[in-house]
Every structure is written in C-alpha cells, then in structure tokens.
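A.B. asks: I need the structure of the sequence given here:
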Amino acid sequence: MNYKVNGSDIVLIQRDFDLDETLDCGQAFRWERINKDSREAVSMSGIEFDKAYKGYRLNTPLLISQRKIGKNSDESQITLHNTSEGDFLEIWADYFDLETDYSALKREFSSDDTMSSACKFAPGIRMLKQDKWEALCSFIISQNNNIPRIKGIISRLCGHYGGFPSYDELAEESVESLAFLRAGFRAKYLIDAAKKLSEGELDLDDIASMDLESARKSLMTIKGVGPKVAECALLYGMYRTDAFPIDVWIKRVMAEYYPNGLPDCIKGKEGIAQQYLFHYIRNIEK
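C.D. replies: Here you go, the predicted model:
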C-alpha cells in the first residue's frame, strides 16, 4: 500500500478504487454520499475532492474522499479523514481489501469477453470485508426490499441502540419491541439469527471456516435465510470469494451470457466477479 500520514488523515494513492462504484453498489448499506457544501466537507482540512462518503464498519465511523490524479491517470488520491494510522492498518486497509491486486484480478477475468466488458464498465469496484454479524443482519433485512428502505431500517436500528447492536442485545427483543424498525416479516428473522448466535447454536467464526456447502447449510438453519441471503453473508461478511449470490440480475447474466456455466477464469473468485457482472447488467439495461 502506498500511503502516508498527513496530520489526522491517511492519504492513499490507489488504483482500482472508485467510491461510488464500491460504496453504492448494493454490497453495504451504511454509506452516504456527502455534498461539497456539507458540514462534513468543511471538516476535511481544505482537501479538494471529487466525491466523498461517510459511513461505518460496525461501530467505527469514517469520512473518506477521492480525487482523481490527472486526466489520463487511473490512480486516485483517497483520503481517510480524522483516522489514526492504527485504525487504518487494523480496520480500514482490510475493510477496503487494499492488499488485493485488483488490476491482476481484472486481467485474469478479462480472458472472458463478458467479464472484460464488465470490468471496463466499472473498473473501480472493490469488495468490502464487512463484519460477519453486520453483514448477516443487513442481508436478512435486504430480502424483497430496495436499497433506500434497507438503509432506513438499518439506520433506525443503529439509532435506537446508539450503534450497531450485538446479537446478544437483539436476542432480547421481540417482534413487537422491534416494531419501530418497520421491517415487517424481517424482524422475526433478525431475532431468530440473534438467538441462535447468542445461545451458541451457531458461531459465525466456525461457519466462516467450513467448506462452502456446510457453511450455506448452517446459515440456512436461521429462519428466513435462504440461498441468496446465505451466499451474501458468506461473500460480504466472511470474504468467501467462491460464494456467488444470485438475484434477478445475475439470473439474467447467466441466461444471456453463461447458459453453460461460469468461465474458468473466475474460479475461486466468483463472488468478486459477480460484483462486476451485477453492476454491468443492471446499468447497461437502463
């Protein structure tokens, strides 16, 4: 990683990282784009930026901005504001998957024509290594839901607890006590997940280390967790890059481009490839 400490900021020179493509593509729901005239923008120590976001990994907040370096460069200056070097190295470098060479991944993926087009369409997508519990809750909430509503439910949940609640805290709740979430049928699924974890029936660290099929089956013992939610929890919360969530958009990709199965060039990294494919098919059809 090419970074430096600049006062209370961490400044990166980074390829293959676009904040819009990474933070607003449906893999995480606690990031909000900020305006240049906002209070947060004023606090950025006079640093110029093209785009900026505020958000959280579990209960650690972050303000992050991006500025393109030159017209023809594929590098950006990424600034993590008011962040210690310790937090950067212990939390954010891992969260943003900064040790993975996405240029090399895209070259490998691009031996397939469709993947090549998808990688070129949104070259700045990165996987976010989210907290296991936070990701599981987020994708339980995401069922039959749209992104603004998902964000609203999670915001109300965190506002009520003063942060993202632990599974021990949620295990004490009832459907009635969670009515303020306006989460509908999803509330009982959140409670069931929390109880199974709090009582030791399931352990997310154990699940993360299982073979993929066993991990899926374990997650699907939670009420309301079907194949897609299990796959999302594995990919986004446990960095199981061989997981491959399938929704209506990916079904369309499979039918149109891969009726005979996924290409060998993405084997073991199907989940990362899915990010490019999902963004590509969803946007080229608009």
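
A.B. asks: Not counting residues beside it along the chain, what's closest to Trp133?
C.D. replies: Excluding its sequence neighbours, the residue lying closest to Trp133 (CB to CB, 6 or more residues apart in numbering) is Tyr167, at 5.8 Å. Where C-beta positions appear, they are placed from N, C-alpha and C, glycine not excepted.

A.B. asks: Centre of the chain to the strand or helix carrying Ser155, how far?
C.D. replies: Element membership for Ser155 (DSSP states H and E) is helix 147-161. Distance of helix 147-161 from its chain centroid, counting by CA atoms, centre = their mean, to the nearest Å, is 16 Å.

A.B. asks: what do you get for stretch 232-252?
C.D. replies: Taking CA atoms, centre = their mean, one finds the center of stretch 232-252 at 11 Å from the center of the full chain.

A.B. asks: For that stretch, the averaged confidence score.
C.D. replies: Taken as a whole, stretch 232-252 has an average pLDDT of 96.

A.B. asks: May I see the buried residues of it?
C.D. replies: Of the residues in stretch 232-252, 232-241, 243-245, 247, 249-250 count as buried by neighbour count, 16 or more other CB atoms under 10 Å.

A.B. asks: Helices - which of those residues land there?
C.D. replies: Counted as lying in helices by DSSP state H, out of those, are Cys232, Met238, Trp249, Ile250.

A.B. asks: Looking at those, which two lie furthest apart in space?
C.D. replies: Met238 and Trp249 (22.2 Å; CB to CB).

A.B. asks: Domain ranges for the protein, per the record?
C.D. replies: The chain breaks down into these structural domains: 3-99, 132-238 (assignment by automatic domain parsing).

A.B. asks: Compare those domains and say which comes out lowest on pLDDT.
C.D. replies: The weakest mean pLDDT among the domains of the chain belongs to domain 3-99, with a mean of 90.

A.B. asks: Just give me how far it sits from the chain centre.
C.D. replies: Centroid separation for domain 3-99 versus its chain: 15 Å, with CA atoms, centre = their mean.

A.B. asks: What is the end-to-end distance of it?
C.D. replies: One end of domain 3-99 sits 12 Å from the other (CA to CA, to the nearest Å).

A.B. asks: How about stretch 218-226?
C.D. replies: Using CA to CA, the end-to-end distance of stretch 218-226 comes to 11 Å.

A.B. asks: Give me the contacts around it.
C.D. replies: Identification of contacts with stretch 218-226 by CB atoms under 8 Å, 6 or more residues apart in numbering yields 136, 140, 143, 185-186, 188-189, 192-193, 196, 201-202, 206-207, 210, 227, 229-230, 233-234.

A.B. asks: run the last query once more with 7 Å
C.D. replies: Stretch 218-226 is contacted from outside by Ile140, Gln143, Lys188, Tyr189, Asp192, Ala193, Lys196, Leu202, Ile207, Met210, Ala230, Ala233, using CB atoms under 7 Å, 6 or more residues apart in numbering.
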